[in-house]
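Peer 1: from the sequence below, what's the structure:
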Amino acid sequence: MTDNSNTLPGTADLRAFFDDYVQRVFPERRSKAGADWAWPGDEWVDDAMREETYRRIVAGLPTDRVVQVVEIGPGAGKYTELLLARTRAEIVAYELSEAFLEVLRQRFPSEISAGRLSPRPMAWTDNEGLVRDYEAKLGQADLMFGIDVLYFMDFQSVFVYLVSAAAMLKLGGRFYATFADGTSQSGWDRMVRDLGRHSAFDMGPCTRFHWMDKALLEFVLPKLGFSNLSLERGPDGGLDIARLYVSAELLDPAPGRALLGALAPAGDSTNRRSN
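Peer 2: Alright, predicted model coming up:
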């Protein structure tokens, strides 16, 4: 896809933020912990959590044929790896960070060569470009998923990804993601922890969470043609902090696709006074 991140506010800063994590923060953290983590992000989950999350991702995914998968924010590919090893998935993985993209190239050279994995750059604020990049396969994806990436987006930003999912998925395709559950004890604990980070990082990239409410998703997803919703809290506390697991099946592609034109940049804010 065309990378126009230099013209899109916020993308370059966020890319640098995550690139720095891969190239500097993770190696320092691994060394300090004396750990044997192989890939950036390995420290964020244990094996039990990873397996439980994978089980949820692939629930109902066909096993008797090649399946088309879109992954948003794969990072170093901890879930990408499981899908490639255990299913017949062909995955298009959209990632903001060039450093993470390079990790994917190093980790999965044979899968990339065989056409089973296509790591592609994305701009944080350009969902029109995301859909345009996938245009040849619109309406063909069996699954679109993003694990622990939508935490960092306000809901208006999340909304454009939901519209994109409605365009990319086939009839009966499934959207699956984790959101930050603001109505759990671990969510409350995280809110308290991040009190000072709001002011310190409000004008720059930050990994503080944007909290989600189940009622908002239960209202919006059906309006985009999704049904058979499942919104389930993860175990409270521990590594599974504040996770809200969300699954939805696309049963009416028309509402979401009718909104594709609205993904185009709209220009100035509608509430700004004209001179």
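
Peer 1: excluding chain neighbours, what is closest to residue 209?
Peer 2: residue 180 (3.9 Å; C-beta to C-beta, 6 or more residues apart in numbering). For every residue, glycine as well, the C-beta is placed using N, CA and C.

Peer 1: now that neighbour: how far from residue 259?
Peer 2: Counting by C-beta to C-beta, to the nearest Å, the gap from residue 180 to residue 259 is 24 Å.

Peer 1: same thing with residue 217?
Peer 2: 17 Å.

Peer 1: neighbour-wise, which of these two wins?
Peer 2: Between residue 217 and residue 259, counting by other C-beta atoms under 10 Å, residue 217 is the more crowded of the two (21 against 17).

Peer 1: touching, the more buried one and residue 179? I think so.
Peer 2: Yes: counting by C-beta atoms under 8 Å, residue 217 sits close enough to residue 179 to count as a contact (7.4 Å).

Peer 1: now do the shared contacts for these two.
Peer 2: Residues touching both residue 217 and residue 179 (C-beta atoms under 8 Å, 6 or more residues apart in numbering): residue 246.

Peer 1: list the contacts of the helix or strand where residue 94 lies.
Peer 2: In the assignment (DSSP states H and E), residue 94 maps to strand 89-95. Identification of contacts with strand 89-95 by C-beta under 8 Å, 6+ apart yields 61, 66-75, 77, 80, 83-84, 101, 104, 115-122, 130, 133-134, 137, 143.

Peer 1: what subset of those residues is buried?
Peer 2: 61, 67-75, 77, 80, 83-84, 101, 104, 116-117, 119, 121-122, 130, 133-134, 143 (16 or more other C-beta atoms under 10 Å).

Peer 1: where strands are concerned, which of those count?
Peer 2: 67, 68, 69, 70, 71, 72, 117, 119, 121, 143 (DSSP state E).

Peer 1: what about the strands in this structure?
Peer 2: Using DSSP E, strands in the chain cover 67-72, 89-95, 117-121, 141-146, 169-181, 211-212, 226-233, 243-250.

Peer 1: so residue 213 touches residue 182, yeah?
Peer 2: Yes: between residue 213 and residue 182 there is a contact under C-beta under 8 Å: 6.6 Å.

Peer 1: which neighbours do these two have in common?
Peer 2: With C-beta under 8 Å, 6+ apart, residue 213 and residue 182 have no common neighbours.

Peer 1: and the two? which has more neighbours close in?
Peer 2: residue 182 (17 against 14).

Peer 1: what about that one, distance to residue 174?
Peer 2: For residue 182, the distance to residue 174 - C-beta to C-beta - is 24 Å.

Peer 1: model confidence over the top helix by length along the chain, on average?
Peer 2: Counting by DSSP state H, the longest helix found in the chain is helix 155-168. The average pLDDT within helix 155-168 is 91.

Peer 1: what about dumping the CA coordinates of that helix to CSV?
Peer 2: Extracted C-alpha coordinates of helix 155-168, given in CSV (Å, rounded to 0.1, in the frame of the first residue of the first chain):
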residue,chain,number,x,y,z
PHE,A,155,-13.3,4.8,19.8
GLN,A,156,-13.6,7.1,16.7
SER,A,157,-10.3,5.6,15.5
VAL,A,158,-11.5,2.1,16.4
PHE,A,159,-14.7,2.8,14.5
VAL,A,160,-12.9,3.1,11.2
TYR,A,161,-11.3,-0.3,11.7
LEU,A,162,-14.8,-1.8,12.3
VAL,A,163,-15.9,-0.2,9.0
SER,A,164,-12.8,-1.7,7.3
ALA,A,165,-13.6,-5.1,8.8
ALA,A,166,-17.1,-5.0,7.3
ALA,A,167,-15.6,-4.3,3.9
MET,A,168,-12.9,-6.9,4.1
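
Peer 1: tell me the buried residues in stretch 184-191?
Peer 2: 184, 186, 187, 190, 191.
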